[in-house]
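S.K.: Task: produce atomic coordinates for the following.
(one chain, ligands or ions: 1)
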Amino acid sequence: MPTSTNAPDLLIIGAGVIGLATAWRVARRGLAVTVLDPAPAGGASRVAAGMLTPVSELTYGEEPLLHLGIASRDRYPAFVAELEEVSGRRTGYRRDGILEIAFDSDDLAFLEDLRRFRQSLGVPAEALSGRECRRLEPMLAPSVRGGLLAPEDGSIDPRRLTAALLTAAERTGVRMDRRRAAGLVVERDIAVGVRLDDGTVLRAEKILLAAGAHSGDLDGLPDGAVPQVRPVKGQVIRLRTATPFLGRSTRGVVRGSSIYVVPRDDGEVVVGATQEEMGFDTTVTAGGVWQLLRDARELLPGITELEFAEVSAGLRPGSPDNAPALGPSPLPGLFLAVGHFRNGVLLTPVTADAMTEILVDGTVPEVAVPFAPDRFAEEARA
Ligand SMILES: Cc1cc2nc3c(=O)[nH]c(=O)nc-3n(C[C@H](O)[C@H](O)[C@H](O)COP(=O)(O)OP(=O)(O)OC[C@H]3O[C@@H](n4cnc5c(N)ncnc54)[C@H](O)[C@@H]3O)c2cc1C
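M.R.: Numbers count the residues shown, from 1 in each chain. Purely as a prediction, here's the structure:
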């Protein structure tokens, strides 16, 4: 079995937003880092809409995740400024708020609950009448009854973000290896390397698994070290417009399903997203496209006039409690940054910083403590 020489300090499996951002930040601290991925930035990061909103209906009752999300959102301005400077690339980052829309009195009551919940966390949100919503966003449907503006939320273009991260990582000395990790090499109960498809073994001091929805696929993971990650399919449509259509990310609930529309500075308009438990299937379906356009048209009737550019499907890395697993795995030498589910783009800066501290300094920062990978094993034992 061929074995590589010049073992890096850290070998990262997966070049999505999480693996790339961590690689860049760790390399900045002076460690030798290699990232393995046959298709860098080809996973969920390529499909994601890129909304940066830590408070949503799904985060009710998930306070630790909320605090992680808020911490990450607040790190974004400095993170992006440094990234754009190092890479020389723009990321499409915007902090112009997110507007939640209500169509009826039930929706209004829900938004009022959400506003109070945000207030209790010290996260500002402004209740708006239907008229105020339309003044902000003239393309909204006349039937809109009211809304909630979260002024500190925003969005980023995940494709530009990963392109910038790739450049920044390589400029900081990270080695990109475009091959697939097939299995983990374990010697005397310590993870010491990764086996590739052709049997080559790459050895490293530490290994970080950050392969998104595929993080549980690796051969050779002993029981107890297999991350609890499942794929949750999402379909997204990309439209284009030459004239401004929408000022900020806008979302609402139509027929019980959540729909959002995210504008970008370059004229792209993203409509998302379905949520389907279909295993590793990434087929784009007629039903998915129909549902997204039907619901988006209820929110913004003029949307069907825009140019159709693309439809894609990706796999969110879901976890049992919708939150990521960050830190050392039960197997010495193996670390995890997996399970970011619907929030991986939002959680990129805080994950990269936390994993850097864990990998370089050996300490777990306060914000990451609730996300220890062994929490699922503890729950199973209880
Ligand atoms: C439809 C949709 C909309 C979304 N919208 C948002 C949003 O608005 N805001 C937000 O914050 N998040 C959003 N997300 C979630 C976000 O995309 C994910 O949480 C995030 O991309 C996870 O990042 P990751 O790096 O862990 O995984 P990924 O981005 O999936 O990257 C994993 C990488 O690992 C590689 N890989 C897999 N197996 C191997 C292997 N064996 N060897 C080497 N490499 C391997 C893949 O090629 C891939 O490049 C959305 C996701 C979807 C699907």
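
S.K.: for the closest residue to E276 other than its chain neighbours, what are its contacts?
M.R.: Excluding the flanking residues, the one nearest E276 by Cβ to Cβ, 6 or more residues apart in numbering is K233, at 4.2 Å. Glycine gets a C-beta too; all of them are placed from N, C-alpha and C. Applying Cβ atoms under 8 Å, 6 or more residues apart in numbering to K233 gives the contacts 274-278, 281-282, 313-316.

S.K.: can we see that at 6 Å?
M.R.: Neighbour list for K233: 276, 278, 313, 315 [criterion: Cβ atoms under 6 Å, 6 or more residues apart in numbering].

S.K.: pLDDT averaged over stretch 76-89 - what is it?
M.R.: Mean per-residue pLDDT for stretch 76-89: 98.

S.K.: before we move on, the earlier item: mind checking which of the contacts of K233 are buried?
M.R.: 276, 313, 315 (16 or more other Cβ atoms under 10 Å).

S.K.: from these, which is closest to the ligand?
M.R.: Lowest distance from the ligand to those (Cβ to the nearest ligand atom) belongs to L315, with 6.2 Å.

S.K.: for that closest one, what are its contacts?
M.R.: Residues in contact with L315 (Cβ under 6 Å, 6+ apart) are 44, 213, 231, 233.

S.K.: list the contacts for the residue nearest to V226 when sequence neighbours are not counted?
M.R.: Closest residue in space to V226, ignoring its immediate chain neighbours: G216 at 5.4 Å, by Cβ to Cβ, 6+ apart. Contacts for G216 (Cβ under 6 Å, 6+ apart) come out as 226-227, 229.

S.K.: could you dump these to TSV with secondary structure?
M.R.: TSV is the format used below for these (DSSP: H, G, I helix; E, B strand; the rest coil):
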residue	secondary structure
V226	coil
P227	coil
V229	coil
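
S.K.: Are any of those buried, and if so which?
M.R.: So, by 16+ other Cβ under 10 Å, the buried ones in those are 226-227, 229.

S.K.: and the residues you listed as TSV, adding pLDDT and distance to the ligand?
M.R.: Putting the buried ones among the contacts of G216 into TSV (pLDDT from 0 to 100; distance: Cβ to the nearest ligand atom, whole Å) gives the following:
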residue	pLDDT	distance to the ligand
V226	90	14
P227	93	11
V229	96	9
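
S.K.: Contacts only, for V311.
M.R.: Residues near V311 by Cβ under 6 Å, 6+ apart: 237, 284, 289.

S.K.: What's the separation between it and the ligand?
M.R.: 11 Å (Cβ to the nearest ligand atom, to the nearest Å).

S.K.: Mind pulling up the pLDDT for the residue nearest to V226?
M.R.: With respect to pLDDT, G216 scores 94.

S.K.: Secondary structure element holding it?
M.R.: Under DSSP states H and E, no helix or strand contains G216.

S.K.: What count of nearby residues applies to D361?
M.R.: By other Cβ atoms under 10 Å, the residues close to D361 number 10.

S.K.: Show residues contacting stretch 187-198.
M.R.: 11, 179-185, 201-203, 207, 331-334.

S.K.: Drop anything exposed from those residues.
M.R.: Buried subset of the contacts of stretch 187-198 (neighbour count, 16+ other Cβ under 10 Å): 11, 180-185, 202-203, 207, 331, 333-334.

S.K.: What about those, which are in helices?
M.R.: Using DSSP state H, no member of the buried ones among the contacts of stretch 187-198 falls within helices.

S.K.: want to throw those into a markdown table with distance to E307 and pLDDT?
M.R.: A markdown table is the format used below for the buried ones among the contacts of stretch 187-198 (distance: Cβ to Cβ, whole Å; pLDDT from 0 to 100):
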| residue | distance to E307 | pLDDT |
| --- | --- | --- |
| L11 | 42 | 98 |
| R180 | 36 | 98 |
| A181 | 39 | 98 |
| A182 | 41 | 97 |
| G183 | 45 | 97 |
| L184 | 46 | 97 |
| V185 | 49 | 97 |
| L202 | 44 | 97 |
| R203 | 50 | 97 |
| I207 | 44 | 98 |
| L331 | 49 | 95 |
| G333 | 50 | 97 |
| L334 | 46 | 97 |
